[in-house]
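[1] Here's my sequence, what's the structure:
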Amino acid sequence: MMDAVTFRIVMNETIFLLDKRVVFDSTKMTLSHGNEIIRISEAETHLLLAFWHGLYKKEDIIHFVWENRGGCVSESSYYKLINQMRNDFSSIGLQSSDIVTRPRVGVSLSVAIEPIKKITSLKVSDENVKGTTTRENIFYKNKRHSVFVVLTGA
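    Prediction:
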């Protein structure tokens, strides 16, 4: 009989799922879908975080993306950022129209942005893994999330 194995699932609270299929890593400043990974700018990263925080007004987004970081911004920088984010969305498999212009107000994200929940540890015993490998069993339990599994002991 195999002893219970403790797995540590390393997940960063700064990783999000866009439209239940594209992974947004705000630490690495990347968007990924399948095997494709694209790097995004710091401003684009902060724009997506602004959407996560529920911001949609142009002034609030400008403040969140630039002014909190000691920068000054023109309206053309704001519109360039929105355009670049739409281009990145198209490149990674989302629709550019998922970033919706709200006339005379700002912009909003029309797809879900959900954090990938942080899990500190998971016990797996023989009963859990009958008929499957341990790795498969963990992925069945967490099939909605991408996870990294690191063995910490046996």
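[2] just checking, what packs against the longest helix anywhere in the chain?
    Secondary structure assigned by DSSP state H gives helix 75-92 as the longest helix of the chain. On a contact count with 3 or more CB pairs under 8 Å, 6 or more residues apart in numbering; DSSP states H and E, helix 75-92 meets strand 30-33, strand 36-39, helix 42-52, helix 58-65, strand 99-102. In short, each C-beta sits where N, CA and C put it, glycine included.
[3] Would you mind pulling the contact partners of it?
    If you take CB atoms under 8 Å, 6 or more residues apart in numbering as the criterion, helix 75-92 is touched by 22, 31-33, 36, 38, 40-41, 43-44, 47-48, 58, 61-62, 65-66, 95-96, 98-99, 101, 107.
[4] Please indicate which of the residues you listed are buried?
    In terms of neighbour count (16 or more other CB atoms under 10 Å), the buried residues within these are 22, 31-33, 40, 43-44, 47-48, 58, 61-62, 65-66, 98-99, 107.
[5] Residue ranges of each domain in this structure, please.
    5-12+117-153, 21-111 (automatic domain parsing).
[6] Just give me the lowest mean pLDDT stretch among those domains.
    Between the domains of the chain, the lowest average pLDDT goes to domain 5-12+117-153, which shows a mean of 46.
[7] How much space separates the closest residue to residue 14 other than its chain neighbours from residue 103?
    With CB to CB, 6 or more residues apart in numbering as the criterion, residue 14 has its nearest non-adjacent residue at 4.3 Å, and that residue is residue 26. Taking CB to CB, to the nearest Å as the measure, residue 26 falls 29 Å from residue 103.
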